[in-house]
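Engineer: just to be clear, the model below is a prediction. Sequence and coordinates:
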There are 2 protein chains.
Amino acid sequence: MQRLKCTLQYDGSGFSGFQIQPGKRTVQGILENALLKMHKGEPVRIHPSGRTDTGVHAKGQTIHFDSPYSISLYNWKQALNTLLPHDVYVKQVETVPDTFHARYDVVEKEYRYYVYHKEEPDVFKRNYSYFFPYALDLTAMQAACRYLEGTHDFTTFSSAKATTRGSKQRTLYQVSCEKSRSEIEFIFRGSGFLYNMVRIIVGVLLDIGQGRRKPADIDVLLSKRDRRAVGETVPSQGLYLWRVTY
Amino acid sequence: MQRLKCTLQYDGSGFSGFQIQPGKRTVQGILENALLKMHKGEPVRIHPSGRTDTGVHAKGQTIHFDSPYSISLYNWKQALNTLLPHDVYVKQVETVPDTFHARYDVVEKEYRYYVYHKEEPDVFKRNYSYFFPYALDLTAMQAACRYLEGTHDFTTFSSAKATTRGSKQRTLYQVSCEKSRSEIEFIFRGSGFLYNMVRIIVGVLLDIGQGRRKPADIDVLLSKRDRRAVGETVPSQGLYLWRVTY
């Protein structure tokens, strides 16, 4: 048996999320189906760095799986990409020690969120960013980002439905937002993320950009540890799992 | 009755082309269905500047239709966009004289074609550009563009299946290609275009970029007036109807 690590990208538009579900088209389902074909009907279970929701994209998701085959890494990549549909692409295949785990060994994750900030929507962006036509104070949003960086209990900024056990303390190494042309790019790098955390934070940053809250409110919201203290989760199609570091 | 002109964009990925066809999702079908709802079940026929094929996109397609309603242009735009799905968007509605015709009154059309020029594909580009991983001599391609500009008989560069009657002489005001990052943008501005003309020309320009032909071969190919003298039509997903001028 050899453990293999794959880095892949996928367009989330056509998937009911990552995790396998009967009767639904999921990234895991598509990947395990490709591996099933390669392994002559023998099921191969894959393990991702974490799940992504319906509509969420990946520029750099990581998975691992075990295989009895000893074929070259180049051939692994070719074989998988030949069997996969055009909305999933394996960028890299590496061999890793048997002790490697795509989820437990994560050191840092990076997510990005894209807002299409213009008066009118663009049909070509509809599945790839969140259309937001209202005025925004980017400087206030950038000031708010500073309050989010560092180690905090992010209970306020995670789904109340989350089944996460244990600590909701996470460390964010970078929180930033920059506008170029009509697109606002949010970057989040952290030790780990709670369920819906990025999408809830972006919603609060947009509230701040609209003057509904002040940047310093972030501290108050963090200390409340209550999801009900903040507004809506922004839509999934603006979110990208950008990179996973081990 | 009032004649209305609409400028619209659509993502061609989800359509079986522009022209209405029974049982198929087409841009015309979607638009006429929206107008049918607005006109309480009374059919309204729309007329485009020209059809687009399956998978071809529009940044600025133009249509006209007649309506007995006298509502504001703002309300027309709102009403249509409310009734249309998210992959079609009406950018502008204008009133025009009864003599205006979206097809016959065209003075100039602009098409653009996008090639994603990198070693590896990008899942987010798959429906919006043509993935081409081979080396290209852009200077040779640009030299070839010069031979295409002007007034020529473009029989060689139009589908043999075309039912175009009359002259195949057209004037191209601009033919250009530029690379920025990993994307090659081809711009074609002309008095009119024959069926598949842009996609056949791009195929020949890519042949020239690969050194299979020389820029000056364009003159020879034009004079042959034979579709069989040139290669494959490039895929539809890289093509955009960019602008129609009246």
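Structural biologist: On my side now, so go ahead.
Engineer: how is chain A carved up into domains?
Structural biologist: Split into domains by automatic domain parsing, chain A comes to A:2-96, A:108-245.
Engineer: for the ones you listed, which one sits closest to residue B:160?
Structural biologist: Counting by CB to CB, residue B:160 lies closest to domain A:2-96 out of the domains of chain A; the figure is 29.2 Å. From N, CA and C alone the C-beta is placed, and that goes for glycine too.
Engineer: quick revisit: now mean neighbour count too, for the domains of chain A, in a markdown table please.
Structural biologist: Formatted as a markdown table, the domains of chain A follow (neighbours: other CB atoms under 10 Å in any protein chain shown):
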| stretch | mean neighbour count |
| --- | --- |
| domain A:2-96 | 17 |
| domain A:108-245 | 18 |
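Engineer: could you dump those domains to CSV with distance to chain B and mean pLDDT?
Structural biologist: As requested, the domains of chain A are exported to CSV (distance: least, CB to the nearest CB, whole Å; pLDDT from 0 to 100):
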stretch, distance to chain B, mean pLDDT
domain A:2-96, 5, 97
domain A:108-245, 5, 95
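Engineer: C-terminal to the helix or strand residue A:58 falls within, what's the next element?
Structural biologist: According to DSSP states H and E, residue A:58 maps onto strand A:57-67. Where DSSP H and E defines the elements, the next helix or strand beyond strand A:57-67 is helix A:73-83.
Engineer: what sits up against the helix or strand following that following helix?
Structural biologist: Later in the chain than helix A:73-83, the nearest helix or strand by DSSP H and E is strand A:88-96. The contact list for strand A:88-96, computed with CB atoms under 8 Å, 6 or more residues apart in numbering or on different chains, reads A:2-11, A:27, A:30-31, A:60, A:64, A:73, A:76-77, A:80-81, A:84, B:120-123.
Engineer: any idea how far strand A:88-96 is from the chain center?
Structural biologist: Relative to the mean C-alpha coordinate of its chain, strand A:88-96 is positioned 18 Å out (CA atoms, centre = their mean, to the nearest Å).
Engineer: swap in stretch A:73-88?
Structural biologist: Centre to centre, stretch against its chain (CA atoms, centre = their mean), the figure for stretch A:73-88 is 22 Å.
Engineer: what's the answer for stretch A:140-147, then?
Structural biologist: 21 Å.
Engineer: can you check stretch A:154-166 too?
Structural biologist: Using CA atoms, centre = their mean, the mean C-alpha position of stretch A:154-166 is found 16 Å from that of the whole chain.
Engineer: sorry, back to before: just put the domains of chain A in CSV and tack on distance to residue B:156.
Structural biologist: Listed next are these as CSV, based on distance: least, CB to CB, whole Å:
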stretch, distance to residue B:156
domain A:2-96, 32
domain A:108-245, 32
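Engineer: so the strand or helix carrying residue A:244 versus strand A:57-67, what angle?
Structural biologist: Using DSSP H and E, residue A:244 falls within strand A:239-245. In terms of direction (axes from the mean of the first three to the mean of the last three CA atoms, to 10 degrees), strand A:239-245 departs from strand A:57-67 by 50 degrees.
Engineer: who touches strand A:239-245?
Structural biologist: Defining contact as CB under 8 Å, 6+ apart, one finds that strand A:239-245 is touched by A:49-50, A:52-53, A:55-62, A:102, A:106-114, A:187, A:198-199.
Engineer: one more pass at 7 Å, please.
Structural biologist: Here strand A:239-245 makes contact (CB atoms under 7 Å, 6 or more residues apart in numbering or on different chains) with A:49, A:52, A:56-62, A:106-113, A:198-199.
Engineer: out of the domains of chain A, which gets nearest to residue B:137?
Structural biologist: Closest to residue B:137 of the domains of chain A is domain A:2-96 (CB to CB; 27.5 Å).
Engineer: how long is the closest one from one end to the other?
Structural biologist: End-to-end distance of domain A:2-96 (CA to CA, to the nearest Å): 8 Å.
Engineer: all strands of chain A, in order?
Structural biologist: A:2-10, A:47-48, A:57-67, A:88-96, A:108-116, A:130-131, A:150-153, A:169-180, A:183-190, A:239-245 (DSSP state E).
Engineer: can you list these in JSON lines and add distance to residue B:217?
Structural biologist: Shown next, in JSON lines, are the strands of chain A (distance: least, CB to CB, whole Å):
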{"stretch": "strand A:2-10", "distance to residue B:217": "38"}
{"stretch": "strand A:47-48", "distance to residue B:217": "51"}
{"stretch": "strand A:57-67", "distance to residue B:217": "40"}
{"stretch": "strand A:88-96", "distance to residue B:217": "35"}
{"stretch": "strand A:108-116", "distance to residue B:217": "43"}
{"stretch": "strand A:130-131", "distance to residue B:217": "46"}
{"stretch": "strand A:150-153", "distance to residue B:217": "63"}
{"stretch": "strand A:169-180", "distance to residue B:217": "41"}
{"stretch": "strand A:183-190", "distance to residue B:217": "41"}
{"stretch": "strand A:239-245", "distance to residue B:217": "44"}
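Engineer: with residue B:192 as the reference, name the closest of these.
Structural biologist: Per CB to CB, nearest to residue B:192 of the strands of chain A: strand A:108-116, 33.5 Å.
Engineer: which elements pack onto that closest one?
Structural biologist: strand A:130-131, strand A:183-190, helix A:197-209, strand A:239-245 (3 or more CB pairs under 7 Å, 6 or more residues apart in numbering or on different chains; DSSP states H and E).
Engineer: out of the ones you listed, nearest to residue B:15?
Structural biologist: strand A:130-131 (20.7 Å).
Engineer: can you list the strands that that closest one pairs with?
Structural biologist: Looking at strand A:130-131 with DSSP bridges, its partner strands are strand A:108-116 (parallel).
Engineer: by how many degrees do the strand it pairs with and helix A:197-209 diverge?
Structural biologist: Going by the same axes, to 10 degrees, strand A:108-116 makes 50 degrees with helix A:197-209.
Engineer: starting at the chain centroid, how far to strand A:108-116?
Structural biologist: Averaging C-alpha positions (CA atoms, centre = their mean) puts strand A:108-116 7 Å from its chain's average.
Engineer: what residue of chain A is the furthest out?
Structural biologist: Of all residues in chain A, residue A:40 has its C-alpha farthest from the mean position, at 31.8 Å, by CA atoms, centre = their mean.
Engineer: against residue A:69, how distant is that one?
Structural biologist: The spacing between residue A:40 and residue A:69, counted by CB to CB, to the nearest Å, is 10 Å.
Engineer: ditto for residue A:187
Structural biologist: Distance from residue A:187 to residue A:69, by CB to CB: 38 Å.
Engineer: please apply the same query to residue A:190.
Structural biologist: Here residue A:190 is placed at a distance of 35 Å from residue A:69 (CB to CB).
Engineer: contact partners for the nearest residue to residue A:70 once chain neighbours are set aside?
Structural biologist: With sequence-adjacent residues excluded and distances taken as CB to CB, 6 or more residues apart in numbering or on different chains, residue A:70 is closest to residue A:2, at 6.4 Å. For residue A:2, the contact set (CB under 7 Å, 6+ apart) comprises A:66, A:67, A:70, A:95.
Engineer: who's in contact with the residue farthest from the centre of chain A?
Structural biologist: Taking CB under 7 Å, 6+ apart as the definition, residue A:40 has no contacts.
Engineer: cool, residue A:210 as well?
Structural biologist: A:134, A:136.
Engineer: next one: it from residue A:144, what distance?
Structural biologist: Going from residue A:210 to residue A:144 by CB to CB gives 12 Å.
Engineer: and the gap between residue A:74 and residue A:92?
Structural biologist: Taking CB to CB, one finds residue A:74 at 11 Å from residue A:92.
Engineer: meant to ask about residue A:223, not that
Structural biologist: For residue A:223 relative to residue A:92 (CB to CB), the value is 42 Å.
Engineer: what's the answer for residue A:27, then?
Structural biologist: Residue A:27 is 17 Å from residue A:92, by CB to CB.
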